Each structure stands twice: as structure tokens, then as C-alpha cells.
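A.B. asks: fold the following for me, if possible:
(chains A and B)
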2 protein chains.
Amino acid sequence: MSTTLKVGLVQQTAWPDKAESLAASEAALRRLATDGVDLVLLQELHATHYFCQYEDADLFELAEPLDGPTGERLAGLAAELDIVLVGSLFERRAPGIYHNTAVVYDRQQGRVGHYRKMHIPDDPGFYEKFYFTPGESDGSQGFQPIETSVGRLGVLVCWDQWYPEAARLMALAGAELLLYPTAIGWHPPDDDAEKNRQREAWTLIQRSHGVANGLPVMVANRVGHEPDRSGVSAGIDFWGGSFICGPQGELLAHAGQDDEALCIELDLSRSEHTRRMWPYLRDRRIDAYGDLTRRYRD
Amino acid sequence: MSTTLKVGLVQQTAWPDKAESLAASEAALRRLATDGVDLVLLQELHATHYFCQYEDADLFELAEPLDGPTGERLAGLAAELDIVLVGSLFERRAPGIYHNTAVVYDRQQGRVGHYRKMHIPDDPGFYEKFYFTPGESDGSQGFQPIETSVGRLGVLVCWDQWYPEAARLMALAGAELLLYPTAIGWHPPDDDAEKNRQREAWTLIQRSHGVANGLPVMVANRVGHEPDRSGVSAGIDFWGGSFICGPQGELLAHAGQDDEALCIELDLSRSEHTRRMWPYLRDRRIDAYGDLTRRYRD
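C.D. replies: Residues are numbered from 1 along each chain as shown, chains lettered A, B, ... in the order given. Alright, predicted model coming up:
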């Protein structure tokens, strides 16, 4: 892994129509490639609207195999633009087994790895447990970074972002960077104070994974209003706020609430420097962490 | 546990002389008691200067048994002022076994529990591995909250604050509030950008424990310059910045860089409300967390 890396992310509006959504992603990728970017992160389920606002079995039609048309298009872009690209697919693995999957394409190598979302949310407007089978684990292998030409990427997805366990397991497996494609927004009826608390909590928990593990973190979120086509709720206002932070959790780039791409030079040598100054990994009390595999210590 | 609780903390200058340091703590406690406070947190090793800036075997003389003169004085204040008090002692447990111990006194009940710092730092100016034997664990029992008349307190100490594992284990054991007595500051030669990154990282990692666990967090830090009496370094500028945040990590009270006491009404019912909205504990992948007890996944 070279010492500096030009990294970018795309925060965009998306539509039910894949062609329209992917065209917007592609346009942003081409602009970033002009800037010489090495690695780009797209937001969660960027090829469509956020369909998990309602439970509708017909929407499984949106899913594709890993190397279906959307995957092929992303692989082609990574090859043509000579970038490492982290995309997000609604994956059809088998009839009845669908996943929320982040996929990594490495320049001319094509697809080099994927990560199936392990923590699946379910709350009003985010009915993901209906659509997504959780990624599986054989006890210890669920959280594995993906080796690429720009380093070992700790790719996680959205709801995973609330779990320090997931970030830690990626760091312990040698991840050099944490990446979160996400889809989070406000319920329009909530008041401004609640909205601010939510967005701030979301920002700080992900920055904290950088701090706890001495790693940079990239987060790409959706933007814009998407209606609840079931008519039950007022829809979701995706809050944007995508960012890139360094290994002390320091914000290096931070998007607002509109379509936006971020691109910065990341100095990867700061991770080891930071871990030498504040050597948390040295002092973990692994003899006393056994109960982390319990649901509750009652 | 009543729904609201009046909580406070003391951020103070401390001196080598215990009488002088404890007199300052006592004065602050008496002022907080006048405001009707129920629970007060003192900073780490508040009875003395931060002697871990250098390694000097004579300084073990500062240590006392749990119920030595400093402990007795704190117990007496808790009883007289009718408060739950979380203090911090340099504990002499046996010749050659000394701990950095947080102790909880509950009104007229005296000492109701203690927590021996589990994660012990060692970096220039913070030579704690010389002085403190780490708190022990029988594999699962190292991180245990302390039951009091104001609820179950998840008391941790300073360096523990960088470990999401510690906060999580307290939450899983039913802690209703996380409390960190701490002693952290700047090396004066560092530049302002580095100082800001450090203080911000420290604030956000502790707020993140509130977010990840849906719990309020209280942090009491030292303030003021303390010289390095060994003459090796420029000493430490303790940065203060003590705070109280709610279960979404939202700052409710935040101190500056001078002697200060904070006191607020904390609405404890918000924790369960928050955990219902964003139910992280429901979705932990305990089947996939086994490697958290490994040093590194290599």
C-alpha cells in the first residue's frame, strides 16, 4: 500500500430505475477518475431507490446475482477508469436467499471480493429483515477485509456502523481502511433537535471506529427525499453528510445534503504513527472479553 | 431508579498534597450538594498530583488501602451530604500490588463497590504500568457495574475509555450510566492542530459509547498544568473538557479548561426510549464475535 492514496466517494440521488441511478453514479465516477482517484466508495443500494421502506415481495425482482448486469457494469467501469470501486448490490444468491452486499472491483482484475451485510436493521421505514438474509459466519470468519491493489479494505454496510465489534474485527484482521456504504435519513415529522441528534450520533459513532482502531474511515450516504410508496409514512429524507476521516477520527472531508462527490489525498502512514502514539491494540484485555459473545449478561 | 437524576462532576486542579487536593474536592462537593445533586463523579486520582509522569518507587507511599484515610473521608462526605459519590484512589492492596481504583460510596451505606482499572496505559508521561497492577478477570467477570441507590453504575477509568469492549460489557451487564474518571492532557510542545485532534478524539470516543449502548456517559477530567518533576518533559497540560452526554451521545453539559463543576438533571427514561428506536442490542451478531478475544487475527 503506497503512503498516500487518492480516495473518493459519491453521494447521490437514486431512483427506482436502475439505468437512471447507475448513469448518475457513472457520471460521478468519470469526474473523480479525471481527478486521478484510486479508490471510490458508492452509497448503499445505489442502483435503485431505497425500496426497504415497505415490504413488497415483487421488489425481489430488483435483485441480481453478484455478476449480473449491475455487477458487470461496475466491473467494467473499474477496469476502464483504472480504479478500485466499492459498490453495493441487492444480491440474488438463490431463490429465497437475497443479501445486501458490498462488492469490490479492482481495476482490470474485476470482482476481487464481497461482503454480505451482517447486522440487518428492522424499524419503521427500514424493513431490511424482510429482504436481506444476514451474511453468515463460521464463528470467526464473518468480518473479513478484502485485499486489493490499494490495500486491505474493511468494507461494512450501514447498520454495521453502529457496532464497534464489526469495526474492531476488521481492524484485527488487518484492514487498513474502513468503508461504509449507507442509507440513512430522517422521518420528516421528527423535530429539528431529534434530527440533529440522529445525524450527529451517526457521524460520531463512525468517526469513533477510526479512533478506536487507528484507521481512516470513509462513509457514503444517500441524499434526497424518497417517498414511501405504501403511503404509510412521510418517506425518508436521506441526510447525506458523507465523510472521510483520519485515524484520530478527524474529519478530512465532509459533504452536505445535496448530490456531491468527495475526493482527497489520504496519508495512510498516519495510521501506524497514530497507533504508536496511542497504542490501544497493545492493551486490549482479551482475557476479559469473553462475554462479548453473550446476548446479555443476566 | 427514578426517571430523573441530578448528576454532577468535579473537574479540579490537584496537588501533591492530599489535604489540599481533597479540600478542593470537598468544597466542590458541598456546593453541588446545595444544588440537590444525587450522584457525583470525581476525576482520576483526584487526591494527588498525577504522579505517573515519572517512575519513582517512593511514590508508592501515596497509596492507601480501600478504606484508608482518603476512602474514609470520601465515605464520610457521601454520608453527610447524602449523595452517591464516585471517587478514585491509588489503592494499596498488598505490598507489590497497587491498583488505580474507582470507588463508589452510597449515602449512609458507605463503600458499596469498586472497580480496578483494567486497561493500563504506558506512554511518555503516563507511566502507569509501573504503578498499577491491572484489575483482574476470571474470564468474564472483569467488567461489572456497581449497584447503588441511584441505579447500576458502569464505572470505568481513563484508558478504558478507548475500548468499546469495556463499555459494551458494562452495558450488557445492565449498567444504566457509564462513568469515567480520567486524567488526560497535552504535551505542551505539540502544535494546536494535534492538540485539537487529541481532545476531539477523546470526547468523541466516549460519546460513542453512549451511542453504541444507548446510555448516558459522564466523564470527569483533570485541569491545569502539572510539571514533570523528573525534568525530562515539559509536563502535562490537563485539558479539562469534562462532560455529560445522553444516550444518543448528545452533549448535555460540557466544561472548559478551568476548575469547574457540572450539574444537570438527567432523564434516565430516555435510554430505553433510545434503545427502542435504534435497537442495536437486538441485532448483535454474537455468533460472529468470537475473534474479539484474540490479540490479532493473523
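A.B. asks: from here on, contacts and neighbour counts on C-alpha atoms
C.D. replies: Will do.
A.B. asks: count the residues that sit near A:G96.
C.D. replies: Close neighbours of A:G96, defined as other C-alpha atoms under 10 Å in any protein chain shown, add up to 11.
A.B. asks: ok, now how distant is it from A:F60?
C.D. replies: A:G96 is 9 Å from A:F60, where distance means C-alpha to C-alpha, to the nearest Å.
A.B. asks: ok, and what's touching stretch A:285-298?
C.D. replies: Defining contact as C-alpha atoms under 8 Å, 6 or more residues apart in numbering or on different chains, one finds that stretch A:285-298 is touched by B:118-119, B:137-143, B:165, B:168-169, B:172-174, B:281, B:284, B:286-290, B:292-295.
A.B. asks: now do the buried residues in stretch A:50-69.
C.D. replies: For stretch A:50-69, burial by neighbour count (16 or more other C-alpha atoms under 10 Å in any protein chain shown) applies to A:Y50, A:F51, A:C52, A:Q53, A:Y54, A:E55, A:F60, A:L62, A:A63, A:E64, A:P65, A:L66.
A.B. asks: and those as JSON lines, adding secondary structure, distance to A:A24 and pLDDT?
C.D. replies: Below are the buried residues of stretch A:50-69 laid out as JSON lines (DSSP: H, G, I helix; E, B strand; the rest coil; distance: C-alpha to C-alpha, whole Å; pLDDT from 0 to 100):
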{"residue": "A:Y50", "secondary structure": "coil", "distance to A:A24": "16", "pLDDT": "97"}
{"residue": "A:F51", "secondary structure": "helix", "distance to A:A24": "18", "pLDDT": "96"}
{"residue": "A:C52", "secondary structure": "helix", "distance to A:A24": "21", "pLDDT": "97"}
{"residue": "A:Q53", "secondary structure": "helix", "distance to A:A24": "22", "pLDDT": "96"}
{"residue": "A:Y54", "secondary structure": "coil", "distance to A:A24": "24", "pLDDT": "93"}
{"residue": "A:E55", "secondary structure": "coil", "distance to A:A24": "26", "pLDDT": "95"}
{"residue": "A:F60", "secondary structure": "helix", "distance to A:A24": "23", "pLDDT": "98"}
{"residue": "A:L62", "secondary structure": "helix", "distance to A:A24": "18", "pLDDT": "97"}
{"residue": "A:A63", "secondary structure": "coil", "distance to A:A24": "19", "pLDDT": "98"}
{"residue": "A:E64", "secondary structure": "strand", "distance to A:A24": "19", "pLDDT": "98"}
{"residue": "A:P65", "secondary structure": "coil", "distance to A:A24": "22", "pLDDT": "98"}
{"residue": "A:L66", "secondary structure": "coil", "distance to A:A24": "21", "pLDDT": "96"}
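A.B. asks: wait, which of the residues you listed is closest to A:Q248?
C.D. replies: A:Y50 (31.9 Å; C-alpha to C-alpha).
A.B. asks: not counting sequence-adjacent ones, nearest residue to A:W186?
C.D. replies: Nearest residue to A:W186, sequence neighbours excluded (C-alpha to C-alpha, 6 or more residues apart in numbering or on different chains): A:D237, at 5.0 Å.
A.B. asks: how many residues are close by that neighbour?
C.D. replies: Residues lying near A:D237 (other C-alpha under 10 Å) number 18.
A.B. asks: which SS state does A:R152 fall under?
C.D. replies: Here A:R152 is recorded as strand under DSSP: H, G, I helix; E, B strand; the rest coil.
A.B. asks: cool, A:R30 as well?
C.D. replies: Criterion first, three-state DSSP; result for A:R30: helix.
A.B. asks: can you tell me how far it is from A:E44?
C.D. replies: From A:R30 to A:E44 the distance is 19 Å (C-alpha to C-alpha).
A.B. asks: try A:I120
C.D. replies: 13 Å.
A.B. asks: the two: which is more packed in?
C.D. replies: A:E44 (28 against 25).
A.B. asks: report the buried members of the contacts of stretch A:285-298.
C.D. replies: By 16+ other C-alpha under 10 Å, these give B:118-119, B:142-143, B:165, B:168-169, B:172-174, B:281, B:284, B:288-290, B:292-293 as buried.
A.B. asks: and those, which of them are in helices?
C.D. replies: Secondary structure from DSSP state H places B:E165, B:R168, B:L169, B:L172 of the buried ones among the contacts of stretch A:285-298 in helices.
A.B. asks: ok, the third one touching B:V155?
C.D. replies: In other words, B:L169. No. Between B:L169 and B:V155 there is no contact under C-alpha atoms under 8 Å: 11.3 Å.
A.B. asks: just to revisit the earlier point, any chance of the buried residues of stretch A:50-69 in CSV, plus distance to chain B?
C.D. replies: As requested, the buried residues of stretch A:50-69 are exported to CSV (distance: C-alpha to the nearest C-alpha, whole Å):
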residue, distance to chain B
A:Y50, 19
A:F51, 20
A:C52, 16
A:Q53, 16
A:Y54, 18
A:E55, 19
A:F60, 23
A:L62, 25
A:A63, 24
A:E64, 26
A:P65, 25
A:L66, 23
